[in-house]
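[1] okay, sequence plus prediction incoming.
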Amino acid sequence: MSINRREFIQVMGMAAAAGMLPACDTKTSGTAGVTKTSKAPKDAYALPKFGNVTLMHMTDCHAQLMPIYFREPSVNLGIGAAEGKPPHLVGDHLLKYFGIKPNTMEAHALTYLNYVDGAKTYGAVGGFSHLSTLVKRVRADHGPSRTLLMDGGDTWQGSGTAYWTRGKDMVGACNLLGVDVMTGHWEFTYLEKEVMSNVQDFKGDFVAQNIFVSDDAAFDYEYADYAGFNEETGRAFKPYVIKDLDGVRVAVIGQAFPYTPIANPGRFIPDWTFGIRDTEMQSIVDKVRANEKPDVVVVISHNGMDVDLKMASRVSGIDVIFGGHTHDGVPAPSVIKNKGGQTLVTNAGSNGKFLGVMQLDVKNGKVQGYDYKLLPVFSNLLEPDPDMAGYIEQVRKPYLGKLQEELAVADSLLYRRGNFNGTFDQVIVDALRTVGGAQIALSPGFRWGTTVLPGETITMENVLDQTCITYPETYVREMTGATIKTILEDVGDNLFNKDPYYQQGGDMVRVGGMDYTIDPMQTIGKRITDMRLDDGTPIEASKSYTVAGWATVGSKAPGAPIWDVVAEYLREEKVAKVSKLNTPKILNVEGNPGIA
């Protein structure tokens, strides 16, 4: 159990007296690519004013309206040129790189180190009522007319209430929060008509320069009357919007997740095509610069940070990319040189855990300097906003009985995030094997999914946080060893291809009932070796095995929703124990700072 607010404030006071301030000590500011580190004030949320424009950024909250726990990864490998660079740093490597003191609140927020002790000390993170308090404070401190709130997407999916309301609960929450501009990814995993209904109910601007209406759909496009659709260019949504912040013109260009119809069911959104489209991005930036005469050009992106870093090197004229998708909490921007000068690239974590705040000094039509801080949203430090709290209570009330059903007790820390496996993922594959009577289980390497502390009760809401998608059906089928290897090789290439443009985000498929060896440094077809069942029996290419899984991207699977399968398993187990974590043997990663 976490301590209460009064006890927490007392702990923070003692920490301050001991010189261990719970603020984010690392703050970056600079001009012309020069950064400096300064010490934050005692109040973690008191930001010294800098410049004349303040841009706030949230991303990948995955419909988490309530405060949650979320453990950062102990494995986030960077391969090739990405090795040793943000975001591929974990634990002590991350702290050393950014100059963060161990055993501080910031160290707890950004790493897995001493996670359970830190979680019990500092409490839960996120929650829209606490986030709302912080957003309102930043607006009040820096001037409502000089601030902008941007949402990088993955907002309308990830919880039971989002699933049951088809994202409407999150649209209402974002409207109340005051989101000015957003783009998307999991937003597109609802049906096309549901997506359009949500976009039209959203009071801010939905932007995406890289989504086009397909040629087949263009002749009789159902949403031709939607204001964001451009028949001449074929874009389904506005590519950008201009915001006037007290006389400073800020252009915000949207970049939705490029691989949505591949990574998620394209059958839900048959009329739209996606893609990275960096040539079109350059064209849009040039057009905006020439025609709109903005003082600042920013991109709100759902590419994933590695893709953003490459795009920043290829596309000139962008001042800042506010990135998402890969759930990387990075406390300082990466400064990327390109032919037009430089672009700052940021990433603001996930699950409502952080709010990125970029202050810009804009003069003579251009950015002269910046100051950036990634603020952890600790619910014990921020009073809930009454209006948002009331809205959340209203939204959740019809579903509380189901959400609060107690299923089992966590025997150990249950988490997901990490390149190869997580303990909650192991619970899911164990459930699939047990309920389905399968030899092997496969589960997607999603990066969303909250954390449950040891000894805490696992509720249906916890299970839904891990599994709530719009294609949750399970299957049990025969697969050859060769097919299983192909699946692992394909996902491994998606994760470890040295060219970021061939990466789609996410982590390795989770496996149950089997082990394998992986060499991330190899190429596709050569990474996966020595596949064995749990009893040590080698998996043969030509032999068939019974495999259980879920989340099929192609046709709909025939089985029960995954949350029902996991709930059935937990009710029977009563105590969720991870007796074996099916984590692969990893080759050639010695010294890589992306692995603990």
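    Perfect, thanks for sending it.
[2] drop to CA atoms for contacts and neighbour counts, all remaining ones
    Noted.
[3] tally of neighbours for the nearest residue to E573 once chain neighbours are set aside?
    In space, and not counting its chain neighbours, E573 is closest to A408: 7.0 Å by Cα to Cα, 6 or more residues apart in numbering. The number of residues packed near A408 is 22, by other Cα atoms under 10 Å.
[4] from memory A408 sits against K574, does it?
    Yes. Shown here, A408 and K574 form a contact pair, counting by Cα atoms under 8 Å, at 4.3 Å.
[5] neighbouring contacts of stretch 530-541?
    For stretch 530-541, the external contacting residues (Cα atoms under 8 Å, 6 or more residues apart in numbering) are I440, T480, G481, A482, T483, G513, M514, D515, Y516, T517.
[6] what are the buried residues along that stretch?
    Buried residues in stretch 530-541, defined by neighbour count with 16 or more other Cα atoms under 10 Å: M531, R532, I539.
[7] go on, stretch 81-88?
    Result for stretch 81-88 [16+ other Cα under 10 Å]: buried residues A82, E83, G84, K85, P86, P87, H88.
[8] what is the nearest of these to M58?
    P87 (16.9 Å; Cα to Cα).
[9] ok, now which ones touch the closest one?
    P87 neighbours (Cα under 8 Å, 6+ apart): N76, G78, M305, D306, D328, G329, V330.
[10] what does the helix or strand where S129 lies rub up against?
    Following DSSP states H and E, the helix or strand that holds S129 is helix 128-142. Residues from elsewhere that reach helix 128-142 (Cα under 8 Å, 6+ apart): 45, 49, 54, 56, 64-67, 146-147, 173, 177, 352, 355, 377-379, 382-389, 392.
[11] pull out the buried members of those.
    The neighbour count (16+ other Cα under 10 Å) marks 45, 54, 56, 64-67, 146-147, 173, 177, 352, 355, 377-379, 382, 384-385, 388-389, 392 as buried among the contacts of helix 128-142.
[12] quick one on the thing from earlier: out of the buried residues of stretch 81-88, which is nearest to I469?
    Lowest distance from I469 to the buried residues of stretch 81-88 (Cα to Cα) belongs to P87, with 26.4 Å.
[13] against V395, how distant is F202?
    When distance is defined by Cα to Cα, to the nearest Å, F202 is 17 Å away from V395.
[14] L344 too?
    From L344 across to V395, the span is 37 Å (Cα to Cα).
[15] re earlier: among the buried residues of stretch 530-541, which are in strands?
    If you go by DSSP state E, those have M531, R532 in strands.
[16] picking up where we left off before, now the helix holding S129, how far from the centre of its chain.
    Averaging C-alpha positions (Cα atoms, centre = their mean, to the nearest Å) puts helix 128-142 21 Å from its chain's average.
[17] now do stretch 262-280
    19 Å.
[18] give the rounded mean pLDDT of that stretch.
    Here stretch 262-280 scores 97 as its mean pLDDT.
[19] just the contacts of stretch 530-541 now: which is nearest M311?
    Distances from M311 to the contacts of stretch 530-541, taken by Cα to Cα, are shortest for T517, at 32.3 Å.
[20] contacting residues around the closest residue to S443 other than its chain neighbours?
    Ranked by Cα to Cα, 6+ apart and with sequence neighbours excluded, the top spatial neighbour of S443 is R510, at 4.9 Å. Contacts for R510 (Cα under 8 Å, 6+ apart) come out as F420, N421, D425, Q426, V429, L442, S443, P444, G445, N582.
[21] then D328?
    By Cα under 8 Å, 6+ apart, the residues touching D328 are P87, M305, N347, A348, G349, S350.
[22] least trustworthy helix or strand in the protein by mean pLDDT?
    In the chain, the helix or strand scored least confidently by mean pLDDT, DSSP states H and E is strand 34-37, which has a mean of 35.
[23] after that one, which helix or strand is next?
    strand 53-58.
[24] quick one: contacts of that following strand?
    Contact partners of strand 53-58, identified using Cα under 8 Å, 6+ apart, comprise 135, 142, 146-152, 245, 248, 322, 348, 350, 352, 354-362.
[25] can I get it in PDB? Just the C-alpha atoms.
    Taking Å, rounded to 0.1, in the frame of the first residue of the first chain, the C-alpha atoms of strand 53-58 are listed here in PDB:
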ATOM      1  CA  VAL A  53       5.900  30.000 -25.900                       C
ATOM      2  CA  THR A  54       5.100  26.900 -23.800                       C
ATOM      3  CA  LEU A  55       4.200  23.600 -25.600                       C
ATOM      4  CA  MET A  56       2.900  20.700 -23.400                       C
ATOM      5  CA  HIS A  57       3.000  17.200 -24.700                       C
ATOM      6  CA  MET A  58       1.400  14.000 -23.500                       C
END
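[26] quick check: angle from it to helix 128-142?
    Using axes from the mean of the first three to the mean of the last three Cα atoms, to 10 degrees, the direction of strand 53-58 lies 170 degrees away from that of helix 128-142.
[27] with only the CA atoms kept, save stretch 408-417 in PDB.
    Presented in PDB, the C-alpha positions along stretch 408-417 are these (Å, rounded to 0.1, in the frame of the first residue of the first chain):
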ATOM      1  CA  ALA A 408      -6.400 -13.400  -7.700                       C
ATOM      2  CA  VAL A 409      -3.500 -12.000  -5.700                       C
ATOM      3  CA  ALA A 410      -0.100 -11.200  -7.300                       C
ATOM      4  CA  ASP A 411       2.600 -13.300  -5.900                       C
ATOM      5  CA  SER A 412       5.300 -11.100  -7.400                       C
ATOM      6  CA  LEU A 413       5.600  -7.900  -9.400                       C
ATOM      7  CA  LEU A 414       3.500  -8.100 -12.500                       C
ATOM      8  CA  TYR A 415       4.700  -5.900 -15.400                       C
ATOM      9  CA  ARG A 416       4.900  -5.900 -19.200                       C
ATOM     10  CA  ARG A 417       7.300  -3.500 -20.700                       C
END
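[28] buried stuff in it?
    A408, V409, A410, D411, S412, L413, L414, Y415, R416, R417.
[29] okay, and which of the buried ones among the contacts of helix 128-142 map to helices?
    If you go by DSSP state H, these have A173, L177, M388, A389, I392 in helices.
[30] how far does stretch 467-475 stretch from start to finish?
    Note: stretch 467-475 ends 15 Å apart using Cα to Cα.
[31] show which residues not belonging to it make contact with it.
    By Cα under 8 Å, 6+ apart, the surrounding residues in contact with stretch 467-475 are 157-160, 163, 189-190, 449, 548-553, 556-563.
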